[in-house]
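S.K.: What follows is a predicted structure for the sequence shown.
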Amino acid sequence: MYCKLEILKLKHIFKIYGEKVQHCALKDINLSIEKGEFVGIMGPSGSGKTTLLNVISTIDPPSSGEVLINGENPYKLDNSKLAFFRRKKLGFVFQDFNLIDTLTIGENIVLPLTLDGAKVSTIDKKLKEVASRLNIESILEKRTYEVSGGQAQRAAIARAIIHSPLLLLADEPTGNLDSKAAKDVMELFESINREVGVTTVMVTHDPMSASYCHRVIFIKDGQFFNEIHRGESRRKFYQQIIDVLSLLGGEASDFSTVRL
Amino acid sequence: MTFLQFAFNNVKRNTRVYLAYFLSSVFTIMVFFSFAVNLFHPVIASKKGGAVELIIGQTEVAILVFSFLFVLISVSAFLKVRSKEFGILMILGMTKKQLSWLVFIENMIIGCLAIIVGIVLGLVFSKLFLMLLGNILSYESLSFYFPYKAILLTTGFFTLIFLGISALTPFIIRTNSIKNLLHGAKRANREIRFSIFQSIAAVLLLGLGYFMALSPQLYDINPLLDKIILFIENAQYTEVILTTSVVVGTYLFFSQLSIFVLSRLKRNRSFYMNKTNMLWISDLIYRIRDNARMLFLVTILSAVAFTAITGVYALSSVVKDESLKDNPFALTYTSSSSNDNEQQHINTIDEMLESYGFKYEKYKSEIIKQVSKDNQVIHIIKQSDYNNRASALGLEQVALDKEQALLVPVYVRFDPKRDKTLSQKNIALDNGEINLEVAGIAPKVIFYSGLFPNLVVVNDETYDKITNIQEKYHSYSYDIPDWLNTLEVTEKLRAKLGVGEHGKYFWSTRIEGYNLENQNKKLFLYVGFFLGAIFFLGASSFLYFRLYTDLNQEKSKYIGMSKLGLSFEEMKKVASIQIAVLFFVPYILASIHTYFAISVLQTVLYSSVLNQFLVVIGVFLVLNIIYYVSVCSRYVNYLKRFIVQ
């Protein structure tokens, strides 16, 4: 018997937008994610998956309900404590990379440590480690517009994990990449999750990307719809995902065609 | 990379964005510093309360106010563009404090650099500036000194400005919603709205301002119009009303009227649907709407710059003309009957002029002063004396009969319609014993501006009959062809004769008035030129910055359209028209504003300044075209790299 460590817990999350014309983006979402898990969130366009990720990301407070990250409710922290919380415990990867283009790739990667006022020797050591793990040593001196999309996303992932966060949050990380680069990035996520043990939550609408997860949660119209767990075979899991998606009945164009 | 290095890299690698802002700041600081060097120069400082101190001191205040607004507007625009970057930083765990600190350091890096570069450049040019000022004030020389006071003042004030603006940044960036910072609050699709009422108000306000500026020149066309004009002239705060209506009108022009006009253009289907017209019109509506405030600011700044420069240029080029008209004679000595030294003084003047080798003609006149029962002062000169002067001034001779009188204006800018003494139809002398009919008005001043108000010319016989004599003056006017060189001899004469003696004698020269006016006007030219340059540079900097920040959005739009088959030539045309509108509409409107501002100035000047206006506007047009061509070609070349060929 081992003790389950709950990293993320969502209790009865509601999110309502608008004042006169109200729109309910999330309805009673409950979720529990354990340490070391790799969870995908899927759903058709407008289903609320990005809203859900924003709520988890501590940048969009829920209208009601509770978010607990490592047992702590970030929305109860004041502004600067919340910033410290994000800096220490969360890592972010975005669809459009969100690298700062006045900085070099290397400088982008070390930003979380810089913000935390880490020593230069520590910063250099960690940068070396993470760059060699992600195989991006050669582009550290380059500027953001000099590298390919795949390389930029690798750099963004390096930035997201350099400070060993508790929770890695990814919003459509393969959305802007071609299939080869997308595959590389997903393999990277998988190996980081396996080797470093970072708990990862990823929003995607690409079944191929989702098939790297341990578990995929489906939402529709802001509500929990289904969840499936991966067995031994990723190929089989991929097929299962496709099946649920067709059951979900989203528009076909929302999901990319097979690219295994 | 430490936090400081991070801030430094941000500035270093963003030079393209910051360049125009930085250069304008440097120039402004340099001018401020140079004026401070002038102000604190030992020679100038020893003459406290003089015109120099006043004019340059006020200019310094104007520069400071402008700098504060310029830095505030630029910085807040920079921050808005970078909202996504700030969103990323905040989500990575940057605290608000750190963000403010980052912006603060960045501002201070740019600010300190600008202060240092501005002061160093100011030091390099300070000798030149001191020479200029020395020349203007006709001082022997203003030697170079180490201006530690000016350095302290400049550093102090501008550090305060940059510090103050940095302290305001947390209010400019809305850090509360990281989500909005990151995804950008969606604005682009807002509906285009305009109010017809406000569009009409724009036209009315501009019309009112222009009408008020022109009103003195429109007098005497229509009786109803005259009443309105007199009403305006007698109203209080005319200048405030005029300025406000033009400023508000300009704002509404950009925020409402321009959009109204473009929307009308859209309704004209055959024009709107013609090739690329649809593209530039529909796009321009959005651009003007988003940039209305910036265009307004650029227009007002340009108008102030144009007016300042035209004004000082016009003043300095008409100064000789004005002195000639104010003082038709180079020297005029006037003595009253109680002065015993009259002949002695005249001899001194004659001898002095001769000893300096000046050729001159002397014209002597006798003037009688009468005060009527109702306390009205009247001065009388006889026809022969008048004709004597008239011949010297190239005026027509007059031949009055015994019952006639000729009125002579006392001021150069006499206005027969509104100067009551010049509208008299009959003149009564000796308390009604001699009654004369006014035969006409002399074309100009015959002594100098301001001497002998209510002057009438009468027939010599009539003159001899006058009994009521309050005072009898002798006035000697000298015509000296080489008057421009009479400053030295005038100073010698002043040493001997002084300024005059109350009730006995007084004398005035053209060269002294000319010299004083000339100095003041040169000083104004000096100050006005730099102020104008600062304002114009500031305005250009805003435009450059706006185009630069719009570039990313434009880029994706042009890429999309090129995929649909928009050729490079067409894209170039669309972009050029749009940029041209942003560059030249403010220029044209500012020029029109300036024209009307100058016509206000015109009412206090004798000579026309239209030529000077055209020269200034022309020079700025050339500058604007150069600026437009270089910006436009860079812009198009940048877009060319992304377009599908």
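M.R.: Yes, it's here.
S.K.: use CA for all of it now, contacts and neighbours both
M.R.: Will do.
S.K.: Show the contacting residues for the residue of the stretch 1-150 of chain B found nearest chain A.
M.R.: Residue of the stretch 1-150 of chain B nearest chain A, by CA to the nearest CA: B:G93 (3.9 Å). If you count contacts by CA atoms under 8 Å, 6 or more residues apart in numbering or on different chains, B:G93 has them with A:82-88, A:112, A:115.
S.K.: what do you get for B:L92?
M.R.: If you count contacts by CA under 8 Å, 6+ apart, B:L92 has them with A:83, A:86-87, A:90-92, A:111-112.
S.K.: and the helix of greatest length in chain B, how far from the chain's centre?
M.R.: Secondary structure of chain B per DSSP state H: the longest helix is helix B:510-563. Taking the mean of its C-alpha atoms, helix B:510-563 sits 13 Å from the chain's own mean (CA atoms, centre = their mean, to the nearest Å).
S.K.: Could you do stretch A:183-193 as well?
M.R.: With CA atoms, centre = their mean, you get 12 Å for stretch A:183-193.
S.K.: What are the buried residues along it?
M.R.: Buried residues in stretch A:183-193, counting neighbours by 16 or more other CA atoms under 10 Å in any protein chain shown, are found at A:183, A:185-186, A:188-190, A:192-193.
S.K.: what would these look like in JSON lines with distance to chain B and secondary structure?
M.R.: Formatted as JSON lines, the buried residues of stretch A:183-193 follow (distance: CA to the nearest CA, whole Å; DSSP: H, G, I helix; E, B strand; the rest coil):
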{"residue": "A:K183", "distance to chain B": "25", "secondary structure": "helix"}
{"residue": "A:V185", "distance to chain B": "20", "secondary structure": "helix"}
{"residue": "A:M186", "distance to chain B": "22", "secondary structure": "helix"}
{"residue": "A:L188", "distance to chain B": "21", "secondary structure": "helix"}
{"residue": "A:F189", "distance to chain B": "19", "secondary structure": "helix"}
{"residue": "A:E190", "distance to chain B": "22", "secondary structure": "helix"}
{"residue": "A:I192", "distance to chain B": "19", "secondary structure": "helix"}
{"residue": "A:N193", "distance to chain B": "20", "secondary structure": "helix"}
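S.K.: mind putting those residues in TSV, pLDDT included?
M.R.: Below are these laid out as TSV (pLDDT from 0 to 100):
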residue	pLDDT
A:K183	92
A:V185	91
A:M186	93
A:L188	91
A:F189	92
A:E190	92
A:I192	91
A:N193	92
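S.K.: quick one on the thing from earlier: where does the residue of the stretch 1-150 of chain B closest to chain A land on pLDDT?
M.R.: For B:G93, the pLDDT comes out at 87.
S.K.: and if you look at B:S384?
M.R.: Taking B:S384 on its own, its pLDDT is 90.
S.K.: packing partners for the host helix or strand of it?
M.R.: Using DSSP states H and E, B:S384 falls within helix B:383-393. Counting contacts by 3 or more CA pairs under 8 Å, 6 or more residues apart in numbering or on different chains; DSSP states H and E, helix B:383-393 packs against strand B:361-371, strand B:455-458.
S.K.: and if we set it to 6 Å?
M.R.: Under the contact definition 3 or more CA pairs under 6 Å, 6 or more residues apart in numbering or on different chains; DSSP states H and E, helix B:383-393 sits against no other helix or strand.
S.K.: before we move on, the earlier item: what number of residues lie near the nearest residue to the residue of the stretch 1-150 of chain B closest to chain A once chain neighbours are set aside?
M.R.: Counting by CA to CA, 6 or more residues apart in numbering or on different chains, B:G93 lies nearest to A:R87, which is 3.9 Å off, once chain neighbours are set aside. For A:R87, the neighbour count with other CA atoms under 10 Å in any protein chain shown is 25.
S.K.: likewise A:E19?
M.R.: Per other CA under 10 Å, the neighbour tally for A:E19 reads 7.
S.K.: Would you list the phi and psi of it?
M.R.: When read as degrees, to the nearest 10, the backbone of A:E19 gives phi -110, psi -60.
S.K.: Please see if the longest helix of chain B touches chain A.
M.R.: No - if you take CA under 6 Å from any CA of the partner chain as the test, helix B:510-563 misses chain A, and the best it gets is 13.2 Å.
S.K.: mean confidence for that helix?
M.R.: Rounded mean pLDDT across helix B:510-563 is 81.
S.K.: can you give me the helices in chain A?
M.R.: Listed in chain order, the helices of chain A (DSSP H) span A:49-56, A:79-89, A:105-115, A:120-134, A:149-161, A:179-195, A:207-210, A:234-248.
S.K.: Quick check: the gap between the closest residue to chain B within chain A and B:I196.
M.R.: Residue nearest to chain B within chain A: A:R87 (3.9 Å; CA to the nearest CA). Between A:R87 and B:I196 the computed distance is 52 Å (CA to CA, to the nearest Å).
S.K.: Can I get stretch B:120-127 as CSV, trimmed to CA atoms?
M.R.: Provided in CSV are the C-alpha atoms of stretch B:120-127 (Å, rounded to 0.1, in the frame of the first residue of the first chain):
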residue,chain,number,x,y,z
VAL,B,120,27.5,66.2,-22.9
LEU,B,121,26.1,67.4,-26.2
GLY,B,122,25.0,70.6,-24.5
LEU,B,123,28.5,71.1,-23.2
VAL,B,124,30.0,70.5,-26.6
PHE,B,125,27.7,73.1,-28.1
SER,B,126,27.6,75.5,-25.1
LYS,B,127,30.3,77.8,-26.6
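S.K.: Chain B contacts on chain A?
M.R.: Within chain A, the positions lying close to chain B (CA under 6 Å from any CA) are A:59, A:80, A:83-84, A:86-87, A:102, A:114.
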